[in-house]
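In: Quick check, what structure comes out for this input:
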Amino acid sequence: MGAEVTKMCGGDADGDGIPDALEDMMEDLSLDKIIEAIMDALERGVRFAVEKASAVGGFLNNPKIHIPWPERFTKVKEKLEKIGFRDTIAEFVESLNSAAERAAGSAVDIFVGAIRGLSFDRAREILDGGADACTAFLREMCYEPLKNMFKPIVDAALEAVDVTAMWDKLVKAYNKILSSTTSRSTFSTTTL
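Out: Down below sits the predicted model:
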C-alpha cells in the first residue's frame, strides 16, 4: 500500500520512502499542513487500493493479494486433480477470490477512520519511518476492526458465490477416493 501512496504522490526519487510531493512541501508548510498532507496521501492511497481490490478480478488477478487453494489441503487438491476435478478446484479458488472482492469495498470506512484519527506524533513516525511505515500504521490500526467487520461479510459473500457447495462437492469426491483406497477416516466438510 505504501508504494501505491508514493506513486499517487509523484514518486520517490531519493528512495527514502517519503513521496517527493510531500518532501517538496515540508519546508514551506506548518506542522498542521504536513499532517494534513500525510492524511490526504494515505486516504487517496487507501481509496485507490480498495477500488482496485474490490473490482472484478481485483484479488483473483493480483498475485500480491490472490487467495490460493488452502495450502494445508494440498494433498486433497492433488488427489482431486488426478480424478478430473481440476476445473472444480479452479472454480473454488475463483469463488474465494470473488468473495474477497465483494467484501473489500467495505474496508474504506475503517481505513479512513484510522487515517483521520492520525495524531501529530504518529504522523511524524510515519514520515521518519521506512518505506513500510504507512502499511505498518494501517495494519496496527485496522487489522482487528477489519477482521471483525469482514467475518460476516465474507461469510455472506462465500454463500452468495456458493463456495460451501463447491467445497462439499470436493470433499465428497475426496472421501470417495479415501474410502475406496484405505480405511483412514474421511475428510470433514466443515474443515474449511
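In: which ones are touching the nearest residue to Ile65 once chain neighbours are set aside?
Out: Distances taken as Cβ to Cβ, 6 or more residues apart in numbering put Phe59 closest to Ile65, at 5.3 Å, once the chain neighbours are dropped. Using the backbone N, CA and C atoms, a C-beta is placed for each residue, glycine as well. Phe59 sits next to 53, 65-67, 97-98, 100-101, 104 when contact means Cβ atoms under 8 Å, 6 or more residues apart in numbering.
In: switch the cut-off to 7 Å
Out: Applying Cβ atoms under 7 Å, 6 or more residues apart in numbering, we find Phe59 in contact with 53, 65-67, 97, 100-101.
In: Check Phe137 too.
Out: Residues in contact with Phe137 (Cβ under 7 Å, 6+ apart) are 122, 126.
In: so which strand or helix has it?
Out: For Phe137, the enclosing helix or strand under DSSP states H and E is helix 133-160.
In: can you pull the alpha-carbon coordinates of stretch 53-69 into CSV?
Out: Provided in CSV are the C-alpha atoms of stretch 53-69 (Å, rounded to 0.1, in the frame of the first residue of the first chain):
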residue,chain,number,x,y,z
ALA,A,53,-9.1,-4.9,-4.8
SER,A,54,-12.9,-4.7,-4.9
ALA,A,55,-13.0,-4.7,-8.8
VAL,A,56,-13.8,-7.9,-10.6
GLY,A,57,-10.5,-9.8,-10.7
GLY,A,58,-9.1,-7.5,-8.0
PHE,A,59,-8.0,-10.4,-5.9
LEU,A,60,-8.0,-13.2,-8.5
ASN,A,61,-5.6,-11.4,-10.9
ASN,A,62,-3.3,-9.7,-8.4
PRO,A,63,-0.6,-12.1,-7.2
LYS,A,64,0.0,-9.9,-4.1
ILE,A,65,-3.5,-10.5,-2.7
HIS,A,66,-4.7,-13.5,-4.6
ILE,A,67,-6.2,-16.2,-2.3
PRO,A,68,-4.8,-19.6,-3.4
TRP,A,69,-6.1,-23.1,-2.7
